[in-house]
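Peer 1: here's a sequence, model it:
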Amino acid sequence: MSLELESWGVAPDGQPVERWTMRHEAGPVAVVATWGATLVSLRIPAPDGLRDVVLGFDALAPYLGAHPYVGAAVGRWANRIAEGRFTLDGTPYALACNAGLHHLHGGERGLSRAVWHASGGENADGPWLLLSVTSPDGEDGFPGTLRVSLRYGLRADALRLDWEATADRATLVNLTHHAYFNLAGGGDVLGHRLRVHADRFLPVDPGLIPTGELRPVDGTPMDLRHAVALGERVAADDPQVRIAGGFDHCWVLADAPGPLRSAAELVAPGGAPCLRVATTEPGLQVYTGNGLDGTLLGPGGVAWPRHGAVCLEAQRFPDSPNRPGFPDAILRPGQTYRQTTVYAFG
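Peer 2: Coordinates of the predicted model:
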């Protein structure tokens with residue numbers, strides 16, 4: 001097992017950016033950058049040897065430009081808040097709106113465009129990396145100073161993510177990881193088979209804002225209770241699929257949030273490798289790379305096509321602050337936000 005550190009360039013504000021490589025003696029390798037706490041690469045055992053199963057750039061420069069949160073830690077608020085507005089304890093707040101009329105993934109800066117501080121080590125399970133960042137009071141419109149940590153732990157058969165956050169004022173917190181998975185290592189993911197442990201999902205309006213309904217998946221393309229090929233569903237003639245151009249929806253996980261429990265399984269064409277997702281969160285956003293269009297290039301100049309990856313983002317429900325029926329995501333002084341998500345592979 002080993003943990004390697006290298007300089008990886010400079011952020012726009014002049015801060016140095018580091019890239020850390022975690023190697024497990026059983027084979028898997030994870031590469032993480034301190035820019036956005038970004039998972040740059042995850043190489044796992046596959047029938048043809050180690051295979052990189054996440055999209056990532058081979059240099060820092062593309063991460064500093066415009067891209068759809070490739071591999072990043074996102075927040076303070078993962079997903080959308082309608083019109084960037086919410087009221088907390090009687091006080092209205094207006095957030096940065098960076099997705100048309102709506103707030104998305106923390107706003108114009110967010111945690112994904114910050115330099116995190118990192119330290120690492122090893123234990124019996126394998127190498128680990130602890131990253132931390134502070135979001136100041138008022139950043140992107142959010143109240144309170146928020147301190148966030150994310151610990152990556154690489155095991156023989158899994159990558160584990162443990163989050164914590166505290167705040168000095170009541171605020172909103174909803175954090176997730178935006179890895180783009182392609183278990184085949186290239187091409188599209190339409191032949192991947194996905195199962196999600198959910199009986200309901202959150203339908204959305206044309207702005208991809210949840211309507212507030214928790215709709216049963218029965219009889220819809222969102223019924224993923226048994227593994228199905230993504231290509232069969234993202235091409236469905238269904239209003240919800242047409243709105244998003246595929247999947248960009250949150251599934252309501254079947255078991256109560258809190259304990260770590262199974263959320264989804266993704267299997268490459270041919271049956272290997274596979275990815276199993278477990279989380280403590282109530283929801284899983286499934287995004288089928290609908291906005292990828294071949295203009296972004298990965299290592300070796302390989303273009304990422306439409307539906308070139310799928311994101312499996314464990315999180316609270318989108319627009320929760322404006323939906324009284326959704327679980328709240330308020331963090332108050334003296335409390336600690338905690339979330340664990342595990343991506344196990346085999």
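Peer 1: which is the next helix or strand following the helix or strand where residue 243 lies?
Peer 2: In this structure, residue 243 is located in helix 239-244 according to DSSP states H and E. Proceeding N to C from helix 239-244, the next assigned helix or strand is strand 248-253, under DSSP H and E.
Peer 1: which strands and helices lie in contact with that next one?
Peer 2: strand 198-202, strand 283-287 (3 or more CB pairs under 8 Å, 6 or more residues apart in numbering; DSSP states H and E). To be clear about C-beta, it is placed using only N, CA and C from the backbone, and glycine gets the same treatment.
Peer 1: turn those into TSV, including mean pLDDT.
Peer 2: TSV is the format used below for the helices and strands packed on strand 248-253 (pLDDT from 0 to 100):
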stretch	mean pLDDT
strand 198-202	98
strand 283-287	98
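Peer 1: for residue 1, give me the pLDDT.
Peer 2: Here the pLDDT value assigned to residue 1 is 69.
Peer 1: and what of residue 174?
Peer 2: 98.
Peer 1: can you tell me the closest non-neighbouring residue to it?
Peer 2: Spatial nearest neighbour of residue 174, chain neighbours left out: residue 316 (4.3 Å); criterion: CB to CB, 6 or more residues apart in numbering.
Peer 1: correct me, but the one you found touches residue 327?
Peer 2: Yes. At 6.3 Å, residue 316 counts as touching residue 327 under the criterion of CB atoms under 8 Å.
Peer 1: of these two, which one has the most company?
Peer 2: residue 316 (25 against 13; other CB atoms under 10 Å).
Peer 1: now do the contacts for that one.
Peer 2: Applying CB atoms under 8 Å, 6 or more residues apart in numbering, we find residue 316 in contact with 78, 174, 281, 282, 283, 326, 327, 329.
Peer 1: buried ones from the residues you listed, can you make that a ChimeraX selection?
Peer 2: Buried members of the contacts of residue 316, defined by 16 or more other CB atoms under 10 Å, are picked up in ChimeraX with:
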select :78,174,281,282,283,326,329
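Peer 1: for residue 346, state which of the contacts of residue 316 is nearest.
Peer 2: residue 281 (22.3 Å; CB to CB).
Peer 1: ok, for the closest one, nearest residue in space, not its chain neighbours?
Peer 2: residue 314 (4.2 Å).
Peer 1: and the one you found, that's in a helix?
Peer 2: No. Counting by DSSP: H, G, I helix; E, B strand; the rest coil, residue 314 is not part of a helix but strand.
Peer 1: return the set of residues that bridge with it.
Peer 2: residue 284 (DSSP bridges).
Peer 1: and for it, the neighbour number?
Peer 2: 28.
Peer 1: one step back: now the common contact residues for residue 316 and residue 327.
Peer 2: With CB under 8 Å, 6+ apart, residue 316 and residue 327 have common neighbours residue 282.
Peer 1: just say which of the helices and strands packed on strand 248-253 is most tucked in.
Peer 2: Sort the helices and strands packed on strand 248-253 by mean neighbour count, taking mean count of other CB atoms under 10 Å, and strand 283-287 sits at the top with a mean of 25.
Peer 1: residue boundaries of the helices in the stretch 151-300 of the chain?
Peer 2: Remark: helices assigned in the stretch 151-300 of the chain by DSSP state H, counting those that start in this stretch are 230-234, 239-244.
Peer 1: how about the strands in the stretch 1-150 of the chain?
Peer 2: Secondary structure of the stretch 1-150 of the chain (DSSP state E, counting those that start in this stretch): strands at 2-10, 16-23, 29-33, 38-46, 49-52, 73-74, 80-81, 85-88, 91-94, 103-104, 117-122, 127-135, 146-154.
Peer 1: deepest-packed of those, please.
Peer 2: Using mean count of other CB under 10 Å, strand 73-74 ranks as the most buried of those, with a mean of 26.
Peer 1: can you list the strands that it pairs with?
Peer 2: Counting by DSSP bridges, strand 73-74 is paired with strand 176-177 (antiparallel).
Peer 1: rewinding a little: what's near enough to touch the residue nearest to residue 281?
Peer 2: 176, 177, 263, 277, 279, 280, 281, 283, 284, 339, 341.
Peer 1: what about 7 Å?
Peer 2: Contacts for residue 314 (CB atoms under 7 Å, 6 or more residues apart in numbering) come out as 176, 263, 277, 279, 281, 284, 341.
Peer 1: return the member of the residues you listed nearest to residue 130.
Peer 2: residue 341 (15.9 Å).
Peer 1: mind listing what the helix or strand harbouring that closest one pairs with, with the direction of each?
Peer 2: Taking DSSP H and E as the criterion, residue 341 maps to strand 337-345. According to DSSP bridges, strand 337-345 forms sheet pairs with strand 158-167 (antiparallel), strand 274-279 (antiparallel).
Peer 1: mind listing what's buried along that strand?
Peer 2: Buried residues in strand 337-345, counted by 16+ other CB under 10 Å: 337, 339, 340, 341, 342, 343, 344, 345.
Peer 1: thanks a lot, catch you later.
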